[in-house]
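**Student:** Predicted coordinates and the sequence they were generated for:
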Amino acid sequence: MKLKKIFFIIFVGIYTNIQAQGLKVTHMEGTYDLDGDGLKEFASIETSNLRSRDISVVRYYEIEQNGYQKMLWELQSPNGQIGNFVDVELGDLDGDGVPELITIANLSSNDQIELLQPVLFYYKWDGQSFSENPGSMINLSGGRDFIRANNFVLFDKDGDMNQEVAISLGSPLREIIILDININEEWMLSQTLKPNGMSSGIGALYVSSIDWNRDGFEEIAILSPEGELLRVQPFYNLNSNLIPGQSETIEIPGLGNIISNRILTFDWNKDNISDIVLPFMNGDLISITLFNDFMDIDKLPIDGGPLSDIRVADFNQDSFDDLLLISGDMNVLTLAYGSQSGINQPLDYFTLEDGGSSSSQVFTALPITTQGIYTGSIIASGWDGLISTTFVTNLGFGPEPEKPDIIAINKTPEETIETFPDIIEEEIILPEIPKPLETMGQPLPDGILPKHVLTVNQSFAYTIPENEDRKFYSFRWLSPPPKGMFFHYDSQSIRWIPNDEQLGAYKIAYNIQRKIGEDIYPTTMDADSMLTYKVVPDLEGVDERLWIYVNDPPMIMTEPLETEFVAGDTFTYKPIISDRNIDAKIDYRLENKPEGMYLTDSGTIIWRTDSTHIDVYDVRFIASDGFDRSAQNFTLFARAGIKIISQAPNEGQVDEEYNYKVDIWRPDLEHILTFSLDYAPNGMKIDKSGLITWNPAPDQIDNQSFKVRVNHGIAVDTQSVSIFVNHPPIIRSSPLKMNVINLGEEYRFQPEIIDPNKDDNLIFTALEMPDGMRMDPYTGMIVWEPTRNNIDFSNLKIEISDGRVNSFIDSRFFVNAPINIVSIPPIQATVGIDYEYNVMTSDMNQGALLSYDEIIALDQIENFRVYSIQISDDVYIENIDRYIADWNNSESVYLTDSKSEDSLSLAVSRLNLKKYVNNVFWENDRLNIIVESVDDRTIAIKDILWEFFQGNKGRPHELLQEG
């Protein structure tokens, strides 16, 4: 067990406006010396709750030589807005070397507390303070509600020495937007990052930056703590292009809430690679290290207890970074010192206690540095539940690092003379100098109408009313006046020039003495008994009181972004009003507006347009706080819209082209139509005319969807289409084209047919089927036991349907009956005489199958003759395929006149040979011709060969016929 050293530092609280308004300092940023006067400056975020309203303030202080904090600049939430400032940073947005103050606030109206909208501001430094008006501001919600900014970071995206802003937005967007300023010094969108796998989640989204490879282009890391899981998505910067890297999820038991505005970047383990260090409120410190495609997530071996703040600096001046951990709950400051192996033990613990009666706990601290070197002091801010106390204290440089041993040198003791040898040093006590009491502005009480209303820097002179009978004699304040107010005796007037820190109502009370006469009293002197007279004025005193109100005129900070829209849309604009008076009540009204436009109680302008509002309209919006008002004029342009009137086909088929021509209705022909697809399946295209073409691939079946967008100027219409891509049934196995079954046998066959569409059901329908054959309509199972009536040929045709496309199975069956011997052989034979037996058979089959390479079916075999022809001419053999193709491709071949007659031929005229020739094919080096007799008529083989070899064009060579 290690002994923990506790040092108690006693300090005198330095009270500022923070104490007067009950604001708690939640974050400090610094330190700086922007005005170059040698005095340190810092920025702070201070929050409180006043009359059920959240108050959030950004302030910029300068620490005077006596330790007091002087407020140089202040930014309050716009009047009527409830919310908080997320963070404040100083950076260089335009690269001119002059810093800007950047902050972002989540704001909402009084009547819609839950509808947050993030607004980003930046203010320019003018040499003495930051500007009164923002250089630019932008509402990041895009008009959507429930959007919250979680944190932001300044980084150099493009290596041009000016900084961009990366902001993390919460649900439902859950994205990182990167903003830069353009040549007009206005915010512009640079890039939007959507992390993989973080589009939804229970934890908020945060962003950090780091230049891990020191190439001048900083990378982005997106973080999302979700319970005990930490999700991290890096985006690597390749020449100003942020490319997503491999995301990683790690489980960390007991993970708490992250301190989003204190994410650090430094090399904590001294491996020459900068790390991102995430502080969590439960005390965990998690580091993230990027290296090429590798990302390492580790937990620091430091326990500082529950954390409220964390700082990094070289506190003990040993050239290694140290960590200062602040625990507001425990009121303990922990110093973890760095070494050559990184930050580790030992730890030093400190407790800061107020020397006064209050008991404040320090929640945030800021080391004072000069050019990055720690000076030995810190700025700390404590909170006792009611009052925030900010002070400067000397924390020291911690334990000195070990030094090398040197040989001791004897020194001659120095002789000193005590300045006050008779006074013990401990008895010298300097009195505490109290700070003068200041009168602060307050909200104007109900029912009080101020006699004078002033603006900041307005000269005020109130002359005491004169009275002829009563002459002014003297003036006395009954209560301290505000700072800078005084009574001018020569002009008998109260004079004051209020500054921007003196907003609010002031009750001025004073006493005036007027002389109404004189009383004369005789007096004597003992020395010479001379009689003298003393004149004593007779005075009348009057106590007078009056209210003075220092008003900050309301200022309209925003402008409508989308003043050009399509008639029929709803125009919505929520102006953000800045009024630094905390008790200001803003009244909104429209002095000039189109018919139908109205204002809500929260000051939102709403106008629901229709197709008749195509025109240009001038609008004048007024915001008044009862004392001053601000006006804004803008012009609205309501344009004609467009409409997609066509309906897309909702079905397609694999390997068949899908076409859809988008038809548009538009009253305005001025602008050019542009077509695009927001999302679509791979391979789908749309041309300039709006024709969509697509050839679905086999892996794109079932439900597919696309969204077509049509732009016509600012008019836009979209159409979302869902397509069902069908795949025809696939026949993997089916009955043969020709099936032979013996009479008396059973035929059973199960076709194998699949449909790639997962929800399709196949239906089997028999269009043609032999008698007695059965088929299952759902599975396609075929069962048949042929009878005598089924002898010879039968046909089977099955339709397979998935409800959209039909496929077919065509098959033939030959039922063969066995040959029976019907003759009776003689049972006697004579010696010397030949035995003869004429065998007689019976065959019930009228048809036959010829067993060539391709099975040939003959229905009535007695009507057919088969010729096998041997060709001896090589030329004809080489061209036999051409002759067969010409024959098969001819619809008819007519017999021409021949000089010779065949004895088997009939006297015919104009006979179509194709009618009598059943088949012609080449097999086993022979030409095979099957001739059929039709109506007892036939054709001689010689005539067939004459026409086959185109004898009318030249006499063919001799052929050898076998039949």
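**Tutor:** Done, it's in.
**Student:** and residue 823, how many neighbours does it have?
**Tutor:** Residue 823 has 11 neighbours, counted by other C-beta atoms under 10 Å. Backbone N, C-alpha and C define where each C-beta goes, glycine included.
**Student:** Skipping adjacent residues, who's closest to it in space?
**Tutor:** Nearest non-adjacent residue to residue 823, counting by C-beta to C-beta, 6 or more residues apart in numbering: residue 840, 3.6 Å away.
**Student:** Show me where the stretch 101-250 of the chain has its strands.
**Tutor:** 117-124, 136-139, 149-155, 164-169, 175-181, 187-193, 206-210, 219-226, 229-238, 241-244, 248-251 (DSSP state E, counting those that start in this stretch).
**Student:** and the fifth one, what does it pack onto?
**Tutor:** Put plainly, it is strand 175-181. strand 164-169, strand 187-193 (3 or more C-beta pairs under 8 Å, 6 or more residues apart in numbering; DSSP states H and E).
**Student:** most packed of those strands?
**Tutor:** Compared across these, strand 164-169 shows the largest average neighbour count, a mean of 24 (mean count of other C-beta atoms under 10 Å).
**Student:** Relative to it, what are the paired strands and their orientations?
**Tutor:** strand 149-155 (antiparallel), strand 175-181 (antiparallel) (DSSP bridges).
**Student:** Need the residues that contact it.
**Tutor:** Outside strand 164-169, the residues that touch it by C-beta atoms under 8 Å, 6 or more residues apart in numbering are 93, 102, 104, 118, 120, 140, 147-158, 175-180, 190, 193, 204-207, 209, 220, 222.
**Student:** Let's have the strands of the stretch 101-250 of the chain in JSON lines, adding distance to residue 46.
**Tutor:** Shown next, in JSON lines, are these (distance: least, C-beta to C-beta, whole Å):
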{"stretch": "strand 117-124", "distance to residue 46": "16"}
{"stretch": "strand 136-139", "distance to residue 46": "21"}
{"stretch": "strand 149-155", "distance to residue 46": "18"}
{"stretch": "strand 164-169", "distance to residue 46": "22"}
{"stretch": "strand 175-181", "distance to residue 46": "26"}
{"stretch": "strand 187-193", "distance to residue 46": "25"}
{"stretch": "strand 206-210", "distance to residue 46": "22"}
{"stretch": "strand 219-226", "distance to residue 46": "26"}
{"stretch": "strand 229-238", "distance to residue 46": "31"}
{"stretch": "strand 241-244", "distance to residue 46": "34"}
{"stretch": "strand 248-251", "distance to residue 46": "35"}
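**Student:** In TSV: those, plus distance to residue 800 and mean pLDDT.
**Tutor:** As requested, these are exported to TSV (distance: least, C-beta to C-beta, whole Å; pLDDT from 0 to 100):
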stretch	distance to residue 800	mean pLDDT
strand 117-124	60	90
strand 136-139	61	88
strand 149-155	58	92
strand 164-169	54	93
strand 175-181	50	92
strand 187-193	51	89
strand 206-210	58	93
strand 219-226	51	91
strand 229-238	50	89
strand 241-244	47	86
strand 248-251	48	88
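**Student:** Which of those strands sits closest to residue 673?
**Tutor:** strand 187-193 (26.1 Å; C-beta to C-beta).
**Student:** can you put the helices and strands packed on strand 175-181 in TSV and add distance to residue 85?
**Tutor:** Converted to TSV, the helices and strands packed on strand 175-181 look like this (distance: least, C-beta to C-beta, whole Å):
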stretch	distance to residue 85
strand 164-169	13
strand 187-193	17
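**Student:** pLDDT of stretch 850-857, averaged?
**Tutor:** On average, the pLDDT along stretch 850-857 is 79.
**Student:** how far is it from where the chain is centred?
**Tutor:** Distance of stretch 850-857 from the chain centroid (C-alpha atoms, centre = their mean, to the nearest Å) equals 70 Å.
**Student:** Show the end-to-end separation of it, please.
**Tutor:** Chord length of stretch 850-857, first to last residue, is 6 Å (C-alpha to C-alpha, to the nearest Å).
**Student:** who touches that stretch?
**Tutor:** Contacts of stretch 850-857 (C-beta under 8 Å, 6+ apart): 738, 793, 812, 814, 847-849, 858, 866, 918-919, 921, 923, 928, 930.
**Student:** repeat that for 7 Å
**Tutor:** The contact list for stretch 850-857 (C-beta atoms under 7 Å, 6 or more residues apart in numbering) reads 738, 793, 812, 814, 847, 849, 858, 919, 923, 930.
**Student:** so who does the closest residue to the third one other than its chain neighbours touch?
**Tutor:** Pointing back at residue 812 there. Among residues not flanking residue 812 along the chain, residue 738 sits closest, at 5.1 Å (C-beta to C-beta, 6+ apart). When contacts are counted by C-beta under 7 Å, 6+ apart, residue 738 is found next to 812, 814, 855, 857.
**Student:** May I ask which of the residues you listed has the most neighbours?
**Tutor:** Using other C-beta under 10 Å as the neighbour test, the contacts of residue 738 are led by residue 814, with 21 neighbours.
**Student:** mind checking how far residue 783 is from residue 307?
**Tutor:** According to C-beta to C-beta, to the nearest Å, residue 783 stands 80 Å off from residue 307.
**Student:** higher neighbour count, those two?
**Tutor:** Neighbours around residue 783 and residue 307, counted as other C-beta under 10 Å, are more numerous at residue 307. The numbers are 23 against 14.
**Student:** That one: which element?
**Tutor:** Residue 307 is part of no helix or strand, with elements assigned from DSSP states H and E.
**Student:** Pretty sure residue 324 is one of the things it touches, is it not?
**Tutor:** No - Residue 307 lies out of contact with residue 324 (C-beta atoms under 7 Å); the separation is 10.8 Å.
**Student:** related to what we said a few turns ago, next one, pLDDT for the residue nearest to residue 823 please.
**Tutor:** pLDDT, read off for residue 840, is 86.
**Student:** Now do it: how many residues are near it, please.
**Tutor:** 10.
**Student:** what do you get for residue 95?
**Tutor:** With other C-beta under 10 Å as criterion, residue 95 counts 11.
**Student:** which SS state does it fall under?
**Tutor:** coil (DSSP: H, G, I helix; E, B strand; the rest coil).
**Student:** What separation is there between the closest residue in space to it that isn't next to it in sequence and residue 566?
**Tutor:** Take residue 95 and drop its neighbours on the chain: the residue closest to it by C-beta to C-beta, 6+ apart is residue 162, 3.3 Å away. Using C-beta to C-beta, one gets 37 Å for the distance from residue 162 to residue 566.
**Student:** same deal with residue 475?
**Tutor:** 68 Å.
**Student:** which of these two has more neighbours?
**Tutor:** Taking other C-beta under 10 Å, residue 475 and residue 566 do not tie; residue 566 has more neighbours (19 against 16).
**Student:** hang on, the more buried one is in a strand, isn't it?
**Tutor:** Yes - per three-state DSSP, residue 566 lies within a strand segment.
**Student:** Setting aside sequence-adjacent positions, which residue approaches it most closely?
**Tutor:** Sequence neighbours aside, residue 641 is the residue nearest to residue 566 in space, at 4.2 Å (criterion: C-beta to C-beta, 6+ apart).
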